[in-house]
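Colleague: Pasting the sequence and the predicted coordinates here, then a few questions.
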Amino acid sequence: MCGARNGIFISYPERSEGTLSPLDSSGYASSHPEILVTIGLPRYARDVRENCYNPPPMASTTLIRFSETSSAQKRTLVAAALGWGLDGFDVLLYSNVSIYVMAALGIHSKAIAGLPNAFMLLASGIGGVLFGFLADRIGRTKALMLSILTYSLCSLGSGLSTSIYVLIAFRFLLGLGMGGEWNTGATLVAETWPTHLRARAISIVQSAWAWGLAAAALVAWVVLDLLHLNWRMVFVVGLLPAVVTLWIRKSVPESEMWKQHRISEVKAPFSEIFSPGLRKSTIVLLLLNVFGLFAWWGLFSWMPPYLTLPIDKGGRGFGLMSTTTLLVVLNLVGMFPGYLCYGWVADRLGRRRSLVIYTLCAALLIPAYAAARAPWIIMVLGTLVAFFGTGFFAGSGIVGSEIFPTRVRSRALGFTYNGARALSCVAPYTIGRVGDAKGLSWAFSICAVAFLLAMLMATQLPETKGKELE
């Protein structure tokens, strides 16, 4: 038997038939929703306790709409989505002003200009593991707030940089917070949303990244082209996400599943993700993300400069306004629906098959995009690449949440996703280096190969559609 108060589920574990817990008679339990109230129903208690969080996908529940979820679940979803979207906003600000930074700081090589992003990705792997440990110990919401504060403050620091070395240092620190946000937010949503809505909920969280990237392009255009301010002011705007933590602290509840496991279970060592039952899935998911993130960062971190640079320097020679328009369309018409549609596709075709389709399509589309010359063809193909090449990341979060048990879930997601970010840190430098030698169009073909390798890894993952969280 289970009930809900203020959007928080309460489970009633096994006890003798017809008896009440002393907590009930004292009235303490009724004023503390986090307490597991004890009442009868011994045959069904254990099953119901599990299903308070993950009701089975029966016919009566498959038609439940998002509007029918609790207010606490909605706030959890909004918090994770805001954190992830603003993460993308702060992260991609540098790519949108990189040509101005290169001129101001005397950077003459694309490879060197790619180093701030490379070190940011390296730090994201460290941050993913670090914040994963914090989330498993101090709670999901506290770790989420700390990660947002980290990347917001370091965005401001990026705007104060006086040399490439100072900029790299601040982007490295920003990467720590960037790495921590994803696994804490995704874990929080996975543990508070029911099984039959989990894929769509996590897809919504991932889709916020597209809005963040679009906002970064718009802010860069407004500050630089409309207001004619210095590029440093773009990074100052990146401080604003810190305000979100005030709302999270006040309004977003902690995961009840995390609270119960914290009380009832022995702390699991990090090495458990390499236990015989999880080892293959951990390694395959890590490699899937390594190849996918290499392809994504290699392509999308260089897309703004690629569109803006003169043709004789390997770019497409578009003005800032045209580039901003292309990037906004790419993010809102390509990435955003790509994320949202993945949840729908995964619920119908399965997690593994969806990952294979998305990564394969991205690999086939990139060479055509790199060869395009006309602006409208670049826009159409770029939108399709963004749809498939970005949307598949929703699948990584969904599969990871369903593979790993609660006691190690946040750390496992941090390792397989942000650890992969760290390993993919060579992508911006590599694509920049090849772009210096042969042009960015040719360099993007490396990203296509990386997506093909990601597709091969996806074929080795277990199918987790409909799985209850452990």
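Modeller: Arrived safely.
Colleague: Isn't P462 up against S281?
Modeller: Yes - if you go by C-beta atoms under 8 Å, P462 and S281 touch, sitting 6.1 Å apart. To be clear about C-beta, it is placed using only N, CA and C from the backbone, and glycine gets the same treatment.
Colleague: packing partners for the helix or strand containing R75?
Modeller: In this structure, R75 sits in helix 71-105 according to DSSP states H and E. In terms of contacts (3 or more C-beta pairs under 8 Å, 6 or more residues apart in numbering; DSSP states H and E), helix 71-105 is packed against helix 110-113, helix 115-138, helix 140-159, helix 164-192, helix 195-221, helix 232-237, helix 244-251, helix 303-308.
Colleague: For V345, which of the ones you listed is the nearest?
Modeller: With C-beta to C-beta as the measure, helix 195-221 is the member of the helices and strands packed on helix 71-105 nearest V345 (9.1 Å).
Colleague: Go through the helices and strands packed on helix 71-105 and pick out the most buried.
Modeller: helix 164-192 (a mean of 26; mean count of other C-beta atoms under 10 Å).
Colleague: by contact count, what packs against that one?
Modeller: helix 71-105, helix 115-138, helix 140-159, helix 195-221, helix 256-264, helix 375-403, helix 409-413, helix 419-423.
Colleague: For that helix, what does the pLDDT average out to?
Modeller: Helix 164-192 comes out with an average pLDDT of 86.
Colleague: which regions of this structure sit below the pLDDT cut-off?
Modeller: 1-68, 263-267, 313-315, 317, 320-321, 469-470 (pLDDT under 70).
Colleague: Please tell me how far the most centrally placed residue in the chain sits from S410.
Modeller: What sits nearest the mean C-alpha location of the chain, by C-alpha atoms, centre = their mean, is W182, with 4.2 Å. Plainly put, W182 is 10 Å away from S410 if you go by C-beta to C-beta, to the nearest Å.
Colleague: Equivalent analysis for S396, please.
Modeller: 15 Å.
Colleague: Looking at the two, which has the bigger crowd around it?
Modeller: Just comparing S396 and S410: by other C-beta atoms under 10 Å the higher neighbour count belongs to S410, 33 against 27.
Colleague: I figured the more buried one hits N183, correct?
Modeller: Yes - contact criterion C-beta under 8 Å: S410 and N183 qualify, at 5.3 Å.
Colleague: so the residue nearest to the centre of the chain makes contact with N418?
Modeller: Yes - contact criterion C-beta under 8 Å: W182 and N418 qualify, at 6.7 Å.
Colleague: Give me the common contacts of the two.
Modeller: G128 (C-beta atoms under 8 Å, 6 or more residues apart in numbering).
Colleague: can you list the domain ranges for the chain.
Modeller: For the chain, the structural domains run 2-51, 66-458, going by automatic domain parsing.
Colleague: Can you lay out these as a markdown table showing distance to K467?
Modeller: Output for the domains of the chain, formatted as a markdown table (distance: least, C-beta to C-beta, whole Å):
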| stretch | distance to K467 |
| --- | --- |
| domain 2-51 | 12 |
| domain 66-458 | 5 |
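Colleague: Give me whichever of those is most buried.
Modeller: The most buried one of the domains of the chain (mean count of other C-beta under 10 Å) is domain 66-458, showing a mean of 22.
Colleague: one step back: okay, and the common contacts of S410 and N183?
Modeller: Counting by C-beta under 8 Å, 6+ apart, the shared contacts of S410 and N183 are 131-132, 135.
Colleague: Reformat these as a markdown table; add distance to R316.
Modeller: Below are the shared contacts of S410 and N183 laid out as a markdown table (distance: C-beta to C-beta, whole Å):
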| residue | distance to R316 |
| --- | --- |
| F131 | 38 |
| G132 | 40 |
| A135 | 42 |
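Colleague: ok, so of these, who is nearest V78?
Modeller: A135 (18.3 Å).
Colleague: coming back round to it: looking at the helices and strands packed on helix 164-192, which is nearest to F172?
Modeller: helix 115-138 (4.5 Å).
Colleague: Show me what that closest one is packed up against.
Modeller: Taking 3+ C-beta pairs under 8 Å, 6+ apart as the contact cut, helix 115-138 packs with helix 71-105, helix 140-159, helix 164-192, helix 279-300, helix 409-413, helix 419-423, helix 426-438.
Colleague: Would you mind putting the CA coordinates of the fifth one into PDB?
Modeller: Provided in PDB are the C-alpha atoms of helix 409-413 (Å, rounded to 0.1, in the frame of the first residue of the first chain):
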ATOM      1  CA  ARG A 409      23.800   5.000 -10.000                       C
ATOM      2  CA  SER A 410      25.000   8.600  -9.700                       C
ATOM      3  CA  ARG A 411      28.700   7.500  -9.700                       C
ATOM      4  CA  ALA A 412      28.100   5.100 -12.500                       C
ATOM      5  CA  LEU A 413      26.500   7.800 -14.700                       C
END
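Colleague: from the middle of its chain, how far away would it be?
Modeller: Here helix 409-413 is found 13 Å from its chain centre; the criterion is C-alpha atoms, centre = their mean, to the nearest Å.
Colleague: Need the contact partners of it.
Modeller: By C-beta under 8 Å, 6+ apart, the residues outside helix 409-413 that reach it are 128-129, 131-133, 135-136, 140, 143, 182-184, 186-187, 190-191, 270, 273, 278, 282, 397, 400-401, 403-404.
Colleague: give me that answer again for 7 Å
Modeller: Helix 409-413 is contacted from outside by 129, 132-133, 135-136, 183-184, 186-187, 270, 273, 282, 400-401, 404, using C-beta atoms under 7 Å, 6 or more residues apart in numbering.
Colleague: returning to that earlier point: point out the one among the helices and strands packed on helix 71-105 that comes closest to F392.
Modeller: Of the helices and strands packed on helix 71-105, nearest to F392 by C-beta to C-beta is helix 195-221, at 9.7 Å.
Colleague: could you give the angle of that closest one to helix 71-105?
Modeller: Angle of helix 195-221 versus helix 71-105, following axes from the mean of the first three to the mean of the last three C-alpha atoms, to 10 degrees, is 30 degrees.
Colleague: so what secondary structure elements neighbour helix 195-221?
Modeller: The helices and strands touching helix 195-221, judged by 3 or more C-beta pairs under 7 Å, 6 or more residues apart in numbering; DSSP states H and E, are helix 71-105, helix 164-192, helix 232-237, helix 320-329, helix 336-349, helix 375-403.
Colleague: Can you say which of those is nearest to W442?
Modeller: Closest among the helices and strands packed on helix 195-221, using C-beta to C-beta: helix 375-403, at 16.2 Å.
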